[in-house]
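[1] Provide a 3D model corresponding to the input given below.
(2 chains)
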Amino acid sequence: MDHEITNTCERGITSRSNAVIKVEGLYKSFGRNNAILKGVDLTVQKGENLVVLGKSGSGKSVTIKCMVGLVIPDEGTIELFDTDIGSLDDDALNRIRVKVGFLFQNAALYDSMTVKENLEFPLRRQFKTLTVKEVETAIADVLESVGLAEAVNKMPSELSGGMRKRIGLARTLILKPEIILYDEPTTGLDTITSREISELILEVQKKYSTTSVIITHDMACAKLTGDRLVILRNGVIAAEGSYEDLEKSGDGWVRSFFI
Amino acid sequence: MIVTLKSNFNDAGNLSAFTGRFFKQLLRPPFEIKEFLRQCYYVGNKSFPLVAVTGFIMGLVLTIQSRPTLAQFGAESWLPGMVTLSLVREITPVITALICAGKIASGIGAELGSMKVTEQIDAMEVSGINPFKYLVVTRILATTLMIPLLVVFADVIGVAGGFVGINIHGDVNLVRYFSQVIESLAFVDIFPATIKTFFFGFFIGMIGCYKGFTAANGTESVGKAANSAVVVASLSIFVIDMLAVQITDLFY
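    This next block holds a predicted model:
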């Protein structure tokens, strides 16, 4: 079933039958005359990797922050797993959030905690009945998945930029999310590390069967990871399609992203 | 002028809403006992050396400075009682609270401000953890409970400092000194002074958390959060002290 969906997405057809994220008419302004989103409509299918492109300040990060309730939209609806998150109370929203991982641009590791404590912290709070052995197994498993098993006792300040992103991803994975939102996962990294992170996104998707929304400026990452790309312009989605389709777009502005 | 006033009123309104949110979250599970105890350790234990040194110096200096005046009236024997009353009723609570405003409110403001700027608070929220409960409620409770304890410690150490101060120019027996100290203290001296320290602690934690939790994006705002936490907390200590003295005066 997932295989069929991926193929469908690769062909650029957006059936809404198996959508896990539905965004309709999303508006958001910060202060007067500073509208960032002006009616974003977006659907993400189960198992799909959607890449969101756009110039700085075009509202990419605001869009995914709206998806997890970190930013409250002025208008519009966001449905995760067919549930309108705008209608949920705090407890219900938190239950949905556990199913949605979020990798922040700078990983947002808790800098007063070791890597192990960073991973243990959300796990202990969401799954209170886990034994010490089960927690340690889960930590070892996710660290193995991101290739950083040896970093378990390190502090975030001892990690490089790439390692921090990997640990950030491990912290996201430990709650076994069904959707992962990546906010510029390769920003600030060298070309080789960026590629490693992009490959890791694909590995994670395969191993954990996740759906991903990836905000990026890195076209190599977009090409490698994206089943489908959307481009935000002036607060709306200006273009949508596969990497290859958009690369050959008749719109010079869209093509300028691929130069 | 109008803009500044508007901004101050906005801040006061937001702080009130923040306080309301604290009371709303206070009794709702889950209770972050471990984090609360950790904060008590940081607020209490880590501030103790600073408060102890300050308390000792306050007792010592107050005794040395008061001695000549009392000697002019031949009332040197009143020195232990006078120093103790000054320390317990006013000087130790206010000075300890001001030191804590400088150390703790700024520390909380900077820590939470930095967590906000580096999206660590957002990271908690998207993991389904209530950051207000984990970060704010625990810190405010810790300051509310630990600052009165620090004040009591500072009182005792201040009185000990007074003993050293008296013995620089005289020879007063330890037992006699402390019996005079205890004789001079009444319920009315200790109770209101202790009650107001709970308010000092509450406001130090509340203002530190508010400034940090609502810091704007950017590293500059971390410094601003820490700075304004100290300024507003210090000012609030004086205002609370003034109100506490007025209220105490009505009843006793």
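[2] Buried residues, stretch A:215-223. List them.
    Across stretch A:215-223, burial judged by 16 or more other CB atoms under 10 Å in any protein chain shown covers A:215, A:216, A:218, A:219, A:221, A:222, A:223. No exception for glycine: its C-beta is placed from N, CA and C like everyone else's.
[3] do the same with stretch B:186-197
    B:189, B:192, B:193, B:196, B:197.
[4] list the contacts for residue A:109?
    A:115, A:118, A:156, A:159, A:164, A:167, A:168, A:171, B:120, B:123 (CB atoms under 8 Å, 6 or more residues apart in numbering or on different chains).
[5] model confidence over stretch A:198-216, on average?
    Stretch A:198-216 shows a mean pLDDT of 91.
[6] That one: end-to-end distance?
    In stretch A:198-216, first residue to last residue: 11 Å (CA to CA, to the nearest Å).
[7] What of stretch A:225-241?
    One end of stretch A:225-241 to the other measures 14 Å (CA to CA).
[8] got a list of contacts for it?
    A:6, A:9-10, A:12, A:14, A:35-42, A:48-55, A:58-60, A:63, A:198, A:201-202, A:212, A:214, A:222, A:242-243, A:246, A:249, A:251, A:253-254, A:257.
[9] Can you flag the buried ones in the residues you listed?
    By 16+ other CB under 10 Å, the contacts of stretch A:225-241 give A:6, A:9, A:14, A:35-37, A:40, A:42, A:48-54, A:58-60, A:63, A:198, A:201, A:212, A:214, A:222, A:242-243, A:246, A:249, A:254, A:257 as buried.
[10] Any idea how many residues pack against the nearest residue to residue B:137 once chain neighbours are set aside?
    Nearest residue to residue B:137 in three dimensions, chain neighbours excluded: residue B:25, at 5.4 Å (CB to CB, 6 or more residues apart in numbering or on different chains). Residue B:25 has 13 neighbouring residues, counting by other CB atoms under 10 Å in any protein chain shown.
[11] ok, which stretches of chain A are strands?
    Using DSSP state E, the strands found in chain A span residues A:19-29, A:35-45, A:49-54, A:75-80, A:83-84, A:100-103, A:179-183, A:211-215, A:228-233, A:236-241.
[12] in the sheet, who's paired with the most centrally placed residue in chain A?
    Per CA atoms, centre = their mean, the C-alpha nearest to the average position across chain A is that of residue A:181, at 1.4 Å. Note on residue A:181: beta-bridge partners by DSSP bridges are residue A:102, residue A:213.
[13] Quick check, pLDDT for it.
    As predicted, residue A:181 sits at a pLDDT of 95.
[14] Also residue A:9?
    So residue A:9 comes in at 42 (pLDDT).
[15] do residue A:1 as well
    Among the per-residue scores, residue A:1 holds a pLDDT of 37.
[16] Point out the residues in chain B that sit beside chain A.
    B:30, B:115, B:118-120, B:122-123, B:125-130 (CB under 8 Å from any CB of the partner chain).
[17] can you tell me which of those residues are in helices?
    B:115, B:120, B:122, B:123, B:125, B:126 (DSSP state H).
[18] give the contact list for the third one.
    If I follow you right, that is residue B:122. Residue B:122 sits in contact with A:65, A:70, A:102, A:104, A:108, where contact means CB under 8 Å, 6+ apart.
[19] Scan the residues you listed and report the most crowded one.
    residue A:102 (27 neighbours).
[20] ok, and for the longest helix along chain A, which residues are buried?
    Once chain A is assigned using DSSP H, the helix that runs over the most residues is helix A:191-208. Buried residues in helix A:191-208, defined by neighbour count with 16+ other CB under 10 Å: A:193, A:194, A:195, A:196, A:197, A:198, A:200, A:201, A:204, A:205, A:208.
[21] Give me the contact list for that helix.
    For helix A:191-208, contacts defined as CB under 8 Å, 6+ apart pick out A:47, A:49, A:145-147, A:161-162, A:165-166, A:169, A:173, A:176-177, A:180, A:182, A:185-186, A:189, A:210, A:212, A:214, A:218, A:220-221, A:224-225.
[22] Test my guess that residue A:247 contacts residue A:258.
    Yes - with contact defined as CB atoms under 8 Å, residue A:247 reaches residue A:258; the gap is 4.5 Å.
[23] ok, so what distance separates residue A:19 from residue A:44?
    Computed with CB to CB, to the nearest Å, the distance linking residue A:19 and residue A:44 is 6 Å.
[24] ok, those two, which is more surrounded?
    residue A:44 (26 against 21).
[25] what bridges to that one?
    With DSSP bridges as the criterion, the beta-bridge partners of residue A:44 are residue A:21.
[26] follow-up on the earlier one: secondary structure element for the residue nearest to residue B:137?
    helix B:2-26 (DSSP states H and E).
[27] Would you indicate which residues of the helix or strand following that helix are buried?
    Remark: after helix B:2-26, the chain's next helix or strand is helix B:33-40, criterion DSSP H and E. Going by neighbour count (16+ other CB under 10 Å), the buried part of helix B:33-40 is B:35, B:36, B:39, B:40.
[28] count of neighbours near the closest residue in space to the third one that isn't next to it in sequence?
    With CB to CB, 6+ apart as the criterion, residue B:39 has its nearest non-adjacent residue at 3.6 Å, and that residue is residue B:142. Neighbour count for residue B:142, taken as other CB under 10 Å: 24.
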